[in-house]
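Novice: Need coordinates for the following:
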Amino acid sequence: MDRIARMDVVSILGLVLSLAAILGGQLLEGGHIGSLLQVTAFIIVAGGTIGAIMLQSSPAVFLRGAKMVKWVFKPPLAEPEQLIQQVVGWSNTARKGGLLALEPLLAEMTDPFMRKGLQMLVDGAEPEMLREALDLEIASFEEHHRQGAKVWESAGGYAPTIGIIGAVMGLIHVMENLSEPAKLGGGIAVAFVATIYGVGFANLLFLPVANKLKAVVGLEVTMREMTIEGLVSIANGENPRAIENKLQGFIV
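Specialist: Numbering: from 1, shown residues only. Model prediction:
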């Protein structure tokens with residue numbers, strides 16, 4: 001099955017809309033976009049948040065979470081209906097020529113999970129052994145990738161608190177310069193903008209990314225479960241029509 005990713009236009013529009021709403025609201029209130037751009041506040045919030053999740057995560061999990069972010073905009077292609085038709089085709093081939101008739105299809109498999117399952121089927125693995133081996137693969141896949149998604153979920157938890165730290169630091173700067181009014185503006189700006197950055201990053205970026213990645217991982221797990229059910233059904237010699245009806249149950 002071709003698993004080439006395609007662009008998720010809804011995610012892109014969502015990000016653009018959220019930014020446009022905030023910046024547009026700032027302009028409608030007579031403010032300036034430049035007043036929301038504070039390098040110091042950005043360094044405090046971004047650096048503090050990244051440092052916190054690096055401290056929490058192992059290097060492998062942190063890197064996995066960073067690599068997975070591309071799935072928000074280009075998730076793996078998942079087409080359950082196409083998968084069902086493919087499994088039914090395998091079933092028809094096996095009924096006509098036996099399980100060994102499926103062997104030429106292995107060269108066409110680009111998905112490692114499907115290739116492994118089909119290879120075990122061709123090799124005559126017992127249905128329960130086939131299910132057990134592939135279930136372990138699914139469990140490992142889900143655990144590893146959900147840990148990656150939790151990197152972004154953790155960032156969503158830390159960012160607002162780091163923003164508050166930035167706000168307090170800005171207020172400390174203000175208190176230290178009460179005798180110099182010219183320096184008060186910068187400290188106040190950092191205080192408020194750091195809070196905006198912390199809450200904004202968490203609720204407009206980090207938490208939505210985490211939830212989107214969890215949804216993608218969940219869909220990938222469902223696709224793999226459908227593959228297992230189809231392969232086990234073929235191994236049990238079930239009717240292609242019965243297999244199709246069974247797999248349709250996975251589709252909401």
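
Novice: mind listing what's buried in the helix or strand bottoming out on mean pLDDT in the chain?
Specialist: Within the chain, no helix or strand scores below helix 184-201, which has a mean of 82 by mean pLDDT, DSSP states H and E. Going by neighbour count (16 or more other Cβ atoms under 10 Å), the buried part of helix 184-201 is 187, 189-198, 200-201. Bear in mind the C-beta positions are built from the backbone N, C-alpha and C, glycine included.

Novice: what's the next helix or strand after that helix packed up against?
Specialist: Counting by DSSP states H and E, the next helix or strand C-terminal to helix 184-201 is helix 207-235. Judged by 3 or more Cβ pairs under 8 Å, 6 or more residues apart in numbering; DSSP states H and E, helix 207-235 is in contact with helix 70-73, helix 80-97, helix 112-122, helix 127-176, helix 240-248.

Novice: could you redo those helices as TSV and give each row mean pLDDT and mean neighbour count?
Specialist: Shown next, in TSV, are the helices and strands packed on helix 207-235 (pLDDT from 0 to 100; neighbours: other Cβ atoms under 10 Å):
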stretch	mean pLDDT	mean neighbour count
helix 70-73	91	18
helix 80-97	93	16
helix 112-122	93	18
helix 127-176	92	18
helix 240-248	92	15
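
Novice: Please convert those helices to JSON lines, extending it with distance to Glu29.
Specialist: Listed next are those as JSON lines, based on distance: least, Cβ to Cβ, whole Å:
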{"stretch": "helix 70-73", "distance to Glu29": "30"}
{"stretch": "helix 80-97", "distance to Glu29": "46"}
{"stretch": "helix 112-122", "distance to Glu29": "52"}
{"stretch": "helix 127-176", "distance to Glu29": "20"}
{"stretch": "helix 240-248", "distance to Glu29": "52"}
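
Novice: shouldn't Thr222 be in contact with Phe250?
Specialist: Yes - judged on Cβ atoms under 8 Å, Thr222 makes contact with Phe250 at a distance of 6.0 Å.

Novice: which residues are in contact with both of the two?
Specialist: Pro80 (Cβ atoms under 8 Å, 6 or more residues apart in numbering).
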